[in-house]
Each structure stands twice: as structure tokens, then as C-alpha cells.
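Colleague: could you work out the structure for the sequence below:
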Amino acid sequence: MTFRIGAALAVVAVSGLLLAGCSSSEPASTDSGKVAGEVTLWSYGKVQLSMTKLIEGFEKENAGATVKVIEEPGDQYFALLRAALTSGQGPDIFQMFPGGYQHQFSDYSLDLSTYIDRSEFEAVQGQFFAEKSNLDNPVYGVPLVSNMYYTLYNQEILDKAGVTKFPTDWAEVDDACKKITAAGFLCIGYGSDTGAGGFDAYQDFSYMSGATIGLSGWDGLIDGTQKYDSPKLVDQVTKWGELQTKGFTNPDVLTWRDVRTDFLGGKTAMYMTGSWDASWASDGLGDKVHAAPTPFSDKPMDVLVRLQDSGLSVSKDSKNATTAAAFTAYSISEAGQKIIAAAGGVPARTGIESDSPVNQEVLANSVTEKWKVVPMMDNFLDASVTTALRSSLNQVMAGQLTASEALKKVDQATAAVSKSDRVTYNLSGK
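Modeller: Numbers count the residues shown, from 1 in each chain. Now for the predicted structure:
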């Protein structure tokens, strides 16, 4: 495996040169049946340990193959990727997410159903990488993990503050945060340690909306028949924005780069994130750290946001498509999925447990507590709507917009999506 940092967007815009083109056409296979040659892989932000281990395993099994990883900044990733793929100079393999994210790159993606057996896609529930979410159609990617949105929390801080259990609704959040701030800690940390500006507020909104309007309501938000600027959702987002005005969050929610540092340093009680962060949290806090569904609801939260998520697609212009496709196949194989589990990820493949105690605890609790599992809402929105949702909610938390003003902006973005870009996912199954 070789590795480097991707080119900045400004360089691409000024020079018109894309530095991470498809690899040269080296032999795709050897006499032994193993694949060979170099392929490039673009990572969405910093490459995860699970990906590093996955590549090591693949290269060990295919001694003539090399996967060169290129880190691209998360806040510029999709713009950079589109520019590279449009010019035919993109990577062989690129990190991708299902639903609306993948839909916008379908025209640039290889149909992997001609390389991988359908049974393998079914084993990882890969239908949301398929055209119209149906494995009978072309499949443009594979999910590597079954990610969850949740809240990480430091049990030691809750104990010191006299909070006897993690909150499950707005009233309990209010009570817990009052005790935590009185004890001298920050209750909930928001920000971006990468300096990207703002945070992924659609994680919070997935819980607020999932517990309020459910999957049938999400279907309506996607097709425009359900308004974001509705009394129920305005009420939830208003309560959420009040977390900042009550002093339960840091004031610099759009610019704070120490959100992880302070959480690991035992200064912040809660941090909204997902299963991909369980490893570094456990490494830093040991058995003090736990996770639970984000408790932004009028009634006790009974929803867990979980989806066969972060995955890989192959460029249809790859000059070494056989090796690139072989890597995606290895990634979802039993061997590849066990590597992901050992690195702390939650495997997409059914029947393989994660080695992360934090993630496994949440999964076990989801069964005993009978939580309803709903997918990650942002994955099924048009990219422009996801951007509007993130930006507008960030402004609510920063005190720059009211909840109604922010949600009106998201309704406007939804209305502007063309008919050709609207995809019906029927998440509710009705």
C-alpha cells in the first residue's frame, strides 16, 4: 500500500490538473488467478484504520497488486471527485455512501454486478448502492460497514454530576445538562476538529425527525410532500437550538476545533458522532466511554439510526477494473469483513460482530430495548438538500437563524431538485 494526501481544490481549479488519475493499465491478473497491478483509492478524509488493514490483507493475498490511498478533504471531497471523474482522470476506486450520495455518481461508476455474485451483495444488504435500490438493477458500489449515528458520552462525568442514567428525552437532557454544567463540565460539544467549519447536524436531525414523523414522514421530506417547515419539526429544531442559548454547548459551534480533544480530556460529557469514532474514544477513555441513541425527542427515544453505509465504488474509466473490482469484492467477503471487525468497525456482513465494546454494546442494547432501526436520513436526500440541511441547522445552533427560517431554506432546496434527480426510496415500505 502506498499513501499520500490529495490535492487541494484550489490547485485543481487554478491549474486544471488533477493529480490523482486512474492508474496505468498494468496486468489485471496473473497465471495463479490472483489480480495484479496498481490501483488508486480516494479516501473521504483521513483514512480509517480498518481501510489500512483491509488493504494490507488484500495485498497479502494478491502479491502483484498495490492499492495507493489518497486522502481527500471531507468538506471538498464530492466536488473534487466529480471534477476528477468528469475529466476521466479520477481514481480507480473511491469511497462512496449509499442512496442519494451514490446516485449522483452512478454515471461514473462501474456496474459491479458483472464482477461480484448477487449473494455477496445480499450478505451485506447492498441494495442502496443499486439503481432504484433494487439488486436486479446495476449495482454501483458495496457497503463496508453498518454505521450508526449516536451520542458518545463519558460515564465518569455523568457520575460526578449526579446524573444516574443517560437521558432519553428532552426533559431528561435538560435536567442532565443543568447538573453537568453546574459540576463544571461542558454538557455537549459541537465543532469540527478538521477546521471544516460547522458540524454534521443532519445526524441530530435524523433523531429529531425519526422520533417525530417516522419513515413515512421521511418519504414525504424526500419527495416534497412533507414540509420541513412544519409545526412538529420546527418545535424539535427550536428545542435543539436552545441547547446553545441555555449554555449546554460550547458557544463557538461553527469553529471549535478542540471538540474531540476536550471530550478525550474529560472536559466534555457528550459528543454527537457515530460508530466510526468508537475506536479513538475507547483508546482515549477506556471503559469510561459509552454510546446511546441521541435523546432529542419529546418521548423516550426508541430509535437507532443505522445503515449499511460507508463503502466503495469503482470508476467505469478505471484502466485496471479487474483489480479494482476484486478489491471491492474482498472488502465485503467474510475475510475482509472480519478485518473490519477487528479494527473496531461494525461489519456490513450479517453474522460478524464488531470487536469494539462501545459499538457492540449499542447493538446489544438495540435488541434488548427493542429500538426501531431507521436508516441515515441524509443518505436519501439529494446532495443539494443535504448541504442546505447541514448549513441551515448549523446557523440555528449558532443563533443566526430561527428554526422556521432554517427549515424554510431546506424546503426551498427540496423544491429546486429536478425531476430527473428525484429518487423514490420508499423507506416506510408503504
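Colleague: quick one: contacts for Val163?
Modeller: With contacts defined as Cβ atoms under 8 Å, 6 or more residues apart in numbering, Val163 is in contact with 175-176, 179-180. Bear in mind the C-beta positions are built from the backbone N, C-alpha and C, glycine included.
Colleague: just Thr273 next, same as before
Modeller: Contacts of Thr273 by Cβ under 8 Å, 6+ apart are 149-152, 203.
Colleague: doesn't it belong to a strand?
Modeller: Yes: judged by DSSP: H, G, I helix; E, B strand; the rest coil, Thr273 forms part of a strand.
Colleague: mind checking how far stretch 232-241 is from the chain centre?
Modeller: Relative to the mean C-alpha coordinate of its chain, stretch 232-241 is positioned 23 Å out (Cα atoms, centre = their mean, to the nearest Å).
Colleague: ditto for stretch 247-259
Modeller: 21 Å.
Colleague: tell me where the stretch 51-200 of the chain has strands.
Modeller: 65-72, 93-96, 142-143, 146-154, 186-189 (DSSP state E, counting those that start in this stretch).
Colleague: do the stretch 301-430 of the chain as well
Modeller: So, for the stretch 301-430 of the chain - with DSSP E, counting those that start in this stretch - the strands run 303-308, 311-314, 372-374.
Colleague: and the longest one with strand 146-154, angle?
Modeller: Put plainly, it is strand 303-308. 130 degrees (axes from the mean of the first three to the mean of the last three Cα atoms, to 10 degrees).
Colleague: residues contacting strand 303-308, please?
Modeller: With Cβ under 8 Å, 6+ apart, strand 303-308 has contacts from 98, 124-126, 128, 143, 145-150, 203, 206-207, 210-211, 293-294, 297, 348, 362, 366, 371-377, 379.
Colleague: list the strands paired with that strand, with their directions.
Modeller: strand 146-154 (antiparallel), strand 372-374 (parallel) (DSSP bridges).
Colleague: can you put the strands of the stretch 51-200 of the chain in TSV and add distance to Tyr425, mean pLDDT and mean neighbour count?
Modeller: TSV is the format used below for those (distance: least, Cβ to Cβ, whole Å; pLDDT from 0 to 100; neighbours: other Cβ atoms under 10 Å):
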stretch	distance to Tyr425	mean pLDDT	mean neighbour count
strand 65-72	27	96	21
strand 93-96	17	97	27
strand 142-143	15	96	27
strand 146-154	18	96	25
strand 186-189	31	98	24
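Colleague: reformat these as CSV; add distance to Lys430.
Modeller: As requested, the strands of the stretch 51-200 of the chain are exported to CSV (distance: least, Cβ to Cβ, whole Å):
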stretch, distance to Lys430
strand 65-72, 38
strand 93-96, 28
strand 142-143, 24
strand 146-154, 24
strand 186-189, 35
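Colleague: out of those strands, flag the one nearest Trp42.
Modeller: Of all the strands of the stretch 51-200 of the chain, strand 93-96 sits nearest to Trp42, with 4.4 Å by Cβ to Cβ.
Colleague: who does that closest one touch, helix- and strand-wise?
Modeller: strand 37-44, strand 311-314, helix 321-332 (3 or more Cβ pairs under 8 Å, 6 or more residues apart in numbering; DSSP states H and E).
Colleague: show me how far it is from its chain's centre.
Modeller: For strand 93-96, the distance to the chain centre is 13 Å (Cα atoms, centre = their mean).
Colleague: now swap in stretch 325-336 and tell me
Modeller: For stretch 325-336, the distance to the chain centre is 20 Å (Cα atoms, centre = their mean).
Colleague: what comes into contact with it?
Modeller: 35, 39, 41, 54-55, 57-58, 61-62, 65, 67, 93, 110, 112, 115-116, 120-121, 123-124, 126, 141-144, 311-314, 337, 340, 348-349, 352.
Colleague: for the chain, which helix or strand comes out least confident on mean pLDDT?
Modeller: Within the chain, confidence by mean pLDDT, DSSP states H and E is lowest for helix 9-15 among all helices and strands, at a mean of 32.
Colleague: mind listing what's buried in stretch 122-135?
Modeller: 123-131, 133, 135 (16 or more other Cβ atoms under 10 Å).
Colleague: ok, the nearest residue to Gly197 once chain neighbours are set aside - contacts?
Modeller: Spatial nearest neighbour of Gly197, chain neighbours left out: Leu254 (5.9 Å); criterion: Cβ to Cβ, 6 or more residues apart in numbering. Shown in contact with Leu254 (Cβ under 8 Å, 6+ apart): 191, 197-199, 394, 398.
Colleague: in CSV: those, plus neighbour count and distance to Lys46.
Modeller: As requested, the contacts of Leu254 are exported to CSV (neighbours: other Cβ atoms under 10 Å; distance: Cβ to Cβ, whole Å):
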residue, neighbour count, distance to Lys46
Gly191, 23, 16
Gly197, 12, 17
Gly198, 19, 18
Phe199, 22, 16
Asn394, 20, 22
Ala398, 17, 26
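Colleague: which residues sit in contact with Leu135?
Modeller: With Cβ under 8 Å, 6+ apart, Leu135 has these contacts: 113, 118, 121-122, 126-127.
Colleague: JSON lines please, covering those residues and showing distance to Gly88 and pLDDT.
Modeller: Shown next, in JSON lines, are these (distance: Cβ to Cβ, whole Å; pLDDT from 0 to 100):
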{"residue": "Ser113", "distance to Gly88": "23", "pLDDT": "96"}
{"residue": "Arg118", "distance to Gly88": "29", "pLDDT": "96"}
{"residue": "Phe121", "distance to Gly88": "27", "pLDDT": "96"}
{"residue": "Glu122", "distance to Gly88": "32", "pLDDT": "96"}
{"residue": "Gly126", "distance to Gly88": "26", "pLDDT": "93"}
{"residue": "Gln127", "distance to Gly88": "29", "pLDDT": "92"}
